[in-house]
Structure formats: structure tokens, C-alpha cells
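>>> give me a 3D structure for the following:
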Amino acid sequence: QVQLVESGGGLVQAGDSLRVSCACSGRTFSSYAMGWFRQAPGKEREVVGAINWSGDSLYYADSVKGRFTISRDNTKNTVTLQMNSLKPEDTAVYYCAARVRNGSGGYYRNSRSYDYWGQGTQVTVSS
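Now for the predicted structure:
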């Protein structure tokens with residue numbers, strides 16, 4: 001069984017930076033492609049970005065491109081979302097997700113592709 005635990009959320013002001021991390025336990029971390037998603041009150045969950053098992057293939061939603069960076073450390077079983085130039089519209093609960101990689105070794109943008117989810121961490125950006 002895989003367990004994902006997010007940490008690092010909090011309350012910041014617009015323009016600030018924040019880093020959220022996701023620790024993975026269970027099977028070999030490099031077996032998984034990872035994704036970051038967020039859900040704001042009254043809205044559907046949306047993809048923030050995704051990273052393949054090795055970290056050399058990434059995807060970012062247009063809304064965060066150029067401001068957010070995803071990275072992973074397969075030796076520490078962690079994936080990190082670095083968020084810069086935060087905006088009030090980035091306020092949401094942020095979730096990491098994992099799925100076993102397939103033969104293509106790519107990333108996954110659709111939440112339905114993921115098998116495991118963390119509990120989420122709240123990020124609030126004040127104006």
C-alpha cells in the first residue's frame with residue numbers, strides 16, 4: 001500500500017513563494033509517476049502539474065506555467081511543488097497523487113489516471 005503525505009502549506013501574501021512537499025512510502029518511489037492537483041472551494045479538482053518517474057518529463061497547467069516548478073528526489077521518496085509569485089487565485093487545497101508508471105514512462109495529466117492520493121494541504125494566498 002502506498003501512502004502519500006503532503007506538507008508545507010500555509011498562509012502567504014500575494015507575490016510570496018511557498019514550497020509544498022509530498023512524502024511517499026510503500027513501494028519503490030521510482031515506480032511512480034506523480035501529479036499535483038488542487039481544489040478550491042466550490043470548484044472541481046484541477047491539475048497543477050505532473051512529473052514522470054525519472055523527473056525528466058514534466059507538465060504544467062497554463063495557469064501556473066512559469067511560476068510553479070515540480071521536482072522529485074527518488075533517493076528521498078519525495079516530490080516537491082515550488083510555488084513562486086503566488087496569486088489569490090492559487091488558494092486551494094493541494095494534493096499529490098501517484099500511479100504506477102507504464103511502459104511509456106511519461107506523465108499523466110488526468111486525475112482519473114492516479115491510484116493514490118494524499119490528504120491534501122491548504123494553501124491560502126491573501127491579496
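
>>> quick check: next helix or strand after the host helix or strand of residue 47?
In this structure, residue 47 is located in strand 46-51 according to DSSP states H and E. Where DSSP H and E defines the elements, the next helix or strand beyond strand 46-51 is strand 58-60.

>>> who touches residue 123 in this structure?
By CB atoms under 8 Å, 6 or more residues apart in numbering, the contact set of residue 123 is 9-10, 12, 18, 20, 38, 83, 86, 90-94. From N, CA and C alone the C-beta is placed, and that goes for glycine too.

>>> now the residue nearest the centre of the chain: how far from residue 107?
Taking CA atoms, centre = their mean, the centroid of the chain lies closest to residue 36, which sits 2.3 Å from it. With distances taken as CB to CB, to the nearest Å, residue 36 is found 11 Å from residue 107.

>>> overlap in contacts, those two.
Counting by CB under 8 Å, 6+ apart, the common neighbours of residue 36 and residue 107 are residue 50.

>>> so which of the contacts of residue 123 is the most crowded?
Across the contacts of residue 123, neighbour numbers were computed from other CB atoms under 10 Å; residue 20 holds the maximum, 25 neighbours.

>>> which residues in this structure form strands?
Using DSSP state E, the strands of the chain run over 3-7, 10-13, 18-25, 32-39, 46-51, 58-60, 68-73, 78-83, 92-100, 116-117, 121-126.
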